[in-house]
Structure formats: C-alpha cells, structure tokens
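Trainee: Predicted coordinates and the sequence they were generated for:
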Amino acid sequence: MIEMDCIRKIYRTQHVETHALTNFTVTIDDGEFVSVMGPSGSGKTTLLNIAGLLDTFEHGRYLLDGEDVSRLSDREMSAIRNQKIGFIFQSFNLIPDLNVFDNIDVPLRYRGMGGGDRRAAINNALEVVGLSARTKHYPAQLSGGQQQRVAVARALVGTPSLILADEPTGNLDSAMANDVMDLLETINNMETTIVMVTHEPELAARAQRRLHLLDGRLIDLEADDRPTPLVARPDGSPSARV
Amino acid sequence: MFAYMIRIAVLSLRRNPVLSTLLIAAIALGVAVSTAFVTVYYVYSGNPIPTKSDRLFYVQMDSWNPDRPYARSRPEMPPEQITYRDMQGIMTSDIATYQSGMFVASLTIHPPEEEQRPYRERVRMCFADFFPMFEVPFTYGGGWGRDSDRGPEPVVVIDAATNDRLFGGGNSVGKTVRIEDRQFTVAGVLAPWRPSPRFYDTHTGASQVPEGFYMPFEFVREFEVETAGNLLIWSDYDETGGFEEFLASEAIWIQMWVQLDTAEQRQTYSDFLDAYVMEQKNLGRFGRPLNNRLLDVMEWFKDQEVVPEEATGLLVLSLLFLLVCAVNLIGILLGKFLTRAPEVGVRRALGASRASVFLQHIVECELVGVVGGLFGLGLSALFLRLINRLLDNSGQFGLDLPMISAGIGLALVAGLVAGLYPAWRICRLAPAIHLKLQ
C-alpha cells in the first residue's frame, strides 16, 4: 500500500532548519493495521501528512498503491486523497455548520457523485459507526465519542483503501477510545489499510505492527503477528520488509 | 458542484451576519452610485436611432451676422438652427429621402370632456416626413400625408399619455381635439417612444421626453406661434409688419433634418445647399463665407456635447468609488477567510483541490456581490428618481434592462476585485498546518 524510500523532509524558517524526516524508508502492506509511536517532534504527524499527500518532501520516492506520487500536481494529489485516503484527526475536525449527514457528504461532493449514490454511501457509513439516528444533529450536539465516530464515517464513506488516523483517541476517555479502536479494527477487517499515530502503548499494541520514530528516523520495527527482520539499508537506515 | 458551493457560501455568510451585512452594504453603496451615473451617461451617450443614425443629417447654414461669427469661441461653427425662409427654401428640394423642418411650440389644448380644464402643452410643429424619417412607432393610425402639409390639414398625432388623458386610451383615430381655437382630427396615436437622448431637438434639452402633440408645420402662420425653444436674431426687422415680417426675418429658430441614404445623395444634397446659399448671396443675404454642414446623428451629438463633461466626470468618479468599496473589502474578506483556514484544511484533506477552494471563495464573494448588487439597484433607482426630480426631466433617467444588467455586472466585477486576493491566499495555505489547529 505504502512504499516510502529515503524520504527527507526539512522545515525551514529564516534561522532554523528542522529535519522532520531523515532518509525515511518504510513499506506498509495492503490491509495492514500499523501504529506509529514516538515522542513529540519525532516526525509522526509529518509522516502522516506526507503519506496523506498533504505535504511535500525534498528527497526520496513515495509509491502509494503502486503509483509513484512523489511529484504530482495539486489536482492529481487531491483526486488521490479523495478516492484512496481517509483521514481521522485527534480533534475530529468536523465542520460546525454542517450536520452529521452533510459532514460525511463532504468527500463525496468533491468526487462528483450523484445524489442517490451519495445518500446510500452515507447511510451505509452511518450504519457502520452506529449513528444512523443522528443524521440531522450538528457537531456541537454530539459527545466527543460520537463526533469521532462521525469523523470515522466521513473517512470511511468513500471506501478508501488507506485510512490515516492522527491520535484518533487523544481527546476521548478510555471507554470512548476503546469504542473507536473497535471501529478501526472493524474497518481494518474490511481490508482497509490503517496507519494510526498514537501516544498510548496499549492502543498501539492493538495494531498488527508498531513503528517507532525518533528524530525523524525509524528506530524499531516489529510485527506482533508475523515477525519481520530488520534489513539495514546501504545508507545505514533501518527498513521494513524489503 | 456549483449549487453546493453556493450553499456553503450561504452558510458562511450566515455564520457572521454583522460582517456579512457590512460586506453587502459596501457593495450595495458602490453599485448604487456607479449604476446611477452609468445610467445618466448611458442616456446621454446612447445612439437613439441605431438603424439609421448615419443616414440622418442635421442641416446647418451660416446666415449669421457678416461682422462676427455665430460663436466667438468656435468661429468655424455655423448657427445651430436656421431661419424660416431658409427652411422653406430648402424644403423645395426633392433630393432627400425624407426631410422636415421643426420646432416646439406651446399651445392651449381644450380637452373634449368639458369638466377637464384647458392646459398648455408642448406641440412639435413638423412635416409629414418626421414620422417615417425618425421611425416613430404608432399604436393606432399613423402620421399625416405630405398633402396635409400643404393646406395645411387640421390633423394631429398624439402620444400614448395624451391619448389616455384626452380619450381614456383606445383607438382615438378620427376623434377631434380643440387646439387653440381650431378642431384637429387625430391621425395617429404613438406607441411608447422615448429616444434617449431626444436627438431631433437638442436645444430644448436632450434629456427631455418627446412632445405629446405633433401637428403640420404650417399652422405656424394660422396660430402665429413662436418657438418655445431657442430663438436668436442678429438683425432688426420691422415688427410693425406683423408675424409675416418675423417669418421673413433673419431669426434662427428651426431645426432641419434630412435623410440621405447614399453617399451620392449626400453629395447631391450638399451641392444643392451650396447652390442655395450662393443664390441667397446674390440676393444680398449670407454675408459670411460659405459654411454649410451636414452632421449625422452621432456627429451632431459630439458637436453639441450632448454628453455633458459633468456626466463623464461623475461616471469616472462613481466607478472609482465602487473600486474603493471593493478594495476596502479585500482586507475584511481576507480576515474572514483566514479564520476559516482549519475548515479549508479539512476540505483539502478530503479531496478539495486548490482550484476548488479558490472557486468556492470566489463564489462566496460573488454571492456578496450579487446580493449587494440587488440592494444597490434598489438604491440606484431611488437615487435616479432624486436626480430626475432635481433636474425636472420627467423621469428620463431610469433603470431599464441594459442598466440592470450593467448594475449586476458591476456588482460581479466588484465581488471579483474584492475576492481575488483573499481567495488566492486561502487556496495557497498548506492544509497540514491548519488540521492540527482546529
């Protein structure tokens, strides 16, 4: 699903250069559920942004679903985001003026789907997250857990092959967090690849594989269910399966 | 997608009603002022008879004082009107397709209903050719025939408002109305007709509405009526000789129009005018150098400066005012849009391209423009009514379809001017930065 090869990302200000990712290489297979951990500033969100085509990088190559997406135009990247990627954010990022139905409708609008197809897809997504009775509610009328479930439905509605979740349980209590994790596992069981950034080791442990980042580098890699050897790359950086 | 963008724009405007009202009010004010002055300019500068404006010619001959030009500031210019005797002289020609001398008189109308009181009304004294030459539209009947010019026959053409006033509307052809002390038979009732500017007589105000009555020119003798327009004279005449002496004088008070359809016809008519003046010179008149002019409608407007400099100046100022309104909105819109950066980040993450975000925000600006434009047109109509009242010009300035379209067009341009930079800025924002901030 994801093949990143020697990705380098540097944030520059007038006086400081910050190396967010340094020669970062990773492969994530179709249908995997991968968690990404690491201290603040280690490059987790940058990794997610690059993986989600929300940010560019200076050097390296990125293959998404077998397609080289390293140097695409904005229009091409937008189309891929719309059709292949779903996003779940820590603070839900629902649009406050839109009700539940219309929030979930947003990605389908940019896909140019017809009204009937959109309605069917939204109702289906709402059923998966168990919010069919809340279609007319606005975000402010929902609990945090319900809002995150709406966000999950929005990520899910376009049937993406990859879901990127940036601390999806960060703003939730443990019961709600577990609900959301259950939901992510359900989605993963539908063959959707999931990459989840989290600070919580017990939640990370529910993923099939954990990636650990430090200073923009991958420092460890393990798969709970299928041990995979680390393979040193010629430049010395660790790599996932090759 | 466009309908979706409008819906999102409406939601955005409803989010902050005070700010949205401010935006709409600024556009409305700019559109109101600019549309009003565009309308004034349009009325003054339009071609009132585009089908034949290049074939209608205003006739000028220099019969003025041999010792000084008609206008010291423009010594090359012949007088703007001609004498009665010269009009009679050149009306004998049959070169032009149509020709008519004319002037406006003020006569007393006696309504057929006795309870209606007599009133003074502007009457255009003209020849039969006036109607076909100027493509005057009729609802009932038509103009009188050339035979009625000789005689003259007591026939009259009235406009629609006069028909309503005197006869309660309907087909009044054949009915009679007393003008001064003579009964006139209605030959035709005009359809609504309001050439802007009123090209055939710029001396009594190009913004005036056409007259309510039209009657054969030669009733000038019977009524011994002088013009209600401009009359200038450079030499004395024997006033004891009565009205006939006045008609034979050098007083200029008549406008003369001819229709010349071909270059050859124009040349022939020009030669005829020269020959006429040379003949008059032999009779001791026309002491100034030969200086005849034939100007078509638009040339005549330019010569007469029908578009006042003030109208042009106010047009430019009003458009600048609209520009200032729009430019002032740039900062407000930029602030408004930037507060929505997190939402834009989400939309970008969900598949909106930069172009789509740009278009979304332009649609919002144009929605402000259109709503502001509609309010502005309402204000503009009130503004024009005020101008009409101040100038006492019987509602010459009004919003017709082209001016409503112009107003909406100006509003759209203002919306675009105001929105281009903010929309460009918001679409260039990196979505990743704002996703974490929401």
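Mentor: All right, it came through fine.
Trainee: Can you say which helix or strand has the closest residue to residue B:154 other than its chain neighbours in it?
Mentor: Spatial nearest neighbour of residue B:154, chain neighbours left out: residue B:184 (4.7 Å); criterion: Cβ to Cβ, 6 or more residues apart in numbering or on different chains. For glycine as for every other residue, the C-beta is placed from the backbone atoms N, C-alpha and C. Secondary structure from DSSP states H and E places residue B:184 in strand B:182-190.
Trainee: So for the helix or strand following that strand, mean pLDDT?
Mentor: Downstream of strand B:182-190, the first helix or strand assigned by DSSP H and E is strand B:213-216. The average pLDDT for strand B:213-216 rounds to 97.
Trainee: Give me the sheet partners of strand B:213-216 and which way each runs.
Mentor: Here strand B:213-216 has these sheet partners by DSSP bridges: strand B:119-126 (parallel), strand B:155-158 (antiparallel).
Trainee: residues making contact with the helix or strand following that strand?
Mentor: Next in sequence after strand B:213-216, counting helices and strands by DSSP H and E, comes helix B:219-223. Contact partners of helix B:219-223, identified using Cβ atoms under 8 Å, 6 or more residues apart in numbering or on different chains, comprise B:84, B:105, B:107, B:125, B:152, B:154, B:180, B:182, B:225, B:243, B:247.
Trainee: Could I get the CA-only coordinates of helix B:219-223 as PDB?
Mentor: Provided in PDB are the C-alpha atoms of helix B:219-223 (Å, rounded to 0.1, in the frame of the first residue of the first chain):
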ATOM      1  CA  PHE B 219     -50.100  76.000 -38.700                       C
ATOM      2  CA  VAL B 220     -47.300  78.300 -37.500                       C
ATOM      3  CA  ARG B 221     -49.000  81.000 -39.700                       C
ATOM      4  CA  GLU B 222     -52.500  80.400 -38.500                       C
ATOM      5  CA  PHE B 223     -51.600  80.400 -34.900                       C
END
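Trainee: buried ones in the next helix or strand after that helix?
Mentor: Counting by DSSP H and E, the next helix or strand C-terminal to helix B:219-223 is helix B:242-247. Neighbour-count burial for helix B:242-247, counted by 16 or more other Cβ atoms under 10 Å in any protein chain shown, picks out B:246-247.
Trainee: repeat for stretch B:380-392
Mentor: Judged by neighbour count (16+ other Cβ under 10 Å), stretch B:380-392 contains these buried residues: B:380-381, B:383-384, B:388.
Trainee: Tell me which stretches of the chain form strands.
Mentor: This is for chain A. With DSSP state E as the criterion, chain A has strands at A:2-12, A:17-28, A:33-37, A:59-64, A:67-68, A:85-88, A:162-166, A:193-197, A:209-214, A:217-223, A:231-232, A:238-239.
Trainee: Can you look at chain B instead?
Mentor: Going by DSSP E, chain B shows strands at B:56-60, B:82-83, B:98-110, B:119-126, B:138-141, B:155-158, B:176-179, B:182-190, B:213-216, B:252-259, B:293-296.
Trainee: The residue nearest to residue B:154: neighbouring residues, count only.
Mentor: Neighbours of residue B:184 under the rule other Cβ atoms under 10 Å in any protein chain shown: 22.
Trainee: ok, now residue B:308?
Mentor: For residue B:308, the count of nearby residues is 14 (other Cβ under 10 Å).
Trainee: Make sure it is actually in contact with residue B:43.
Mentor: No. Residue B:308 is not in contact with residue B:43 according to Cβ atoms under 8 Å; the separation is 11.1 Å.
Trainee: Could you tell me which residues make contact with residue A:97?
Mentor: Neighbouring residues of residue A:97 by Cβ under 8 Å, 6+ apart: A:138, B:11-12, B:14-15.
Trainee: should've said residue A:179
Mentor: Taking Cβ under 8 Å, 6+ apart, one finds A:145, A:149 in contact with residue A:179.
Trainee: repeat for residue B:194
Mentor: Residues near residue B:194 by Cβ under 8 Å, 6+ apart: B:209-210.
Trainee: mind running it again at 10 Å?
Mentor: Each residue near residue B:194 by Cβ atoms under 10 Å, 6 or more residues apart in numbering or on different chains is listed here: B:43, B:48, B:159, B:208-210, B:394-396, B:398.
Trainee: Go through the residues you listed and say which is closest to residue B:349.
Mentor: For the contacts of residue B:194, the residue nearest residue B:349 by Cβ to Cβ is residue B:398; the value is 51.9 Å.
Trainee: Quick one: residues contacting the closest one.
Mentor: With contact taken as Cβ under 10 Å, 6+ apart, residue B:398 is in contact with B:39, B:43, B:194, B:196, B:381, B:384-385, B:388.
Trainee: Just these: which are in helices?
Mentor: Here DSSP state H is the test, and the contacts of residue B:398 give B:39, B:43, B:381, B:384-385, B:388 as lying in helices.
Trainee: Single out the residue in chain A that lies closest to chain B.
Mentor: Nearest residue of chain A to chain B (Cβ to the nearest Cβ) works out as residue A:82 at 2.5 Å.
Trainee: Run a quick neighbour tally on residue A:194.
Mentor: Using other Cβ under 10 Å, the number of residues around residue A:194 comes to 25.
Trainee: Just confirm it contacts residue A:51, I think it does.
Mentor: No. The criterion here is Cβ atoms under 10 Å, and residue A:194 misses it with residue A:51 at 11.5 Å.
Trainee: Find residues that contact each of the two.
Mentor: In the contact map built from Cβ under 10 Å, 6+ apart, the residues linked to both residue A:194 and residue A:51 are A:1, A:28, A:162, A:164.
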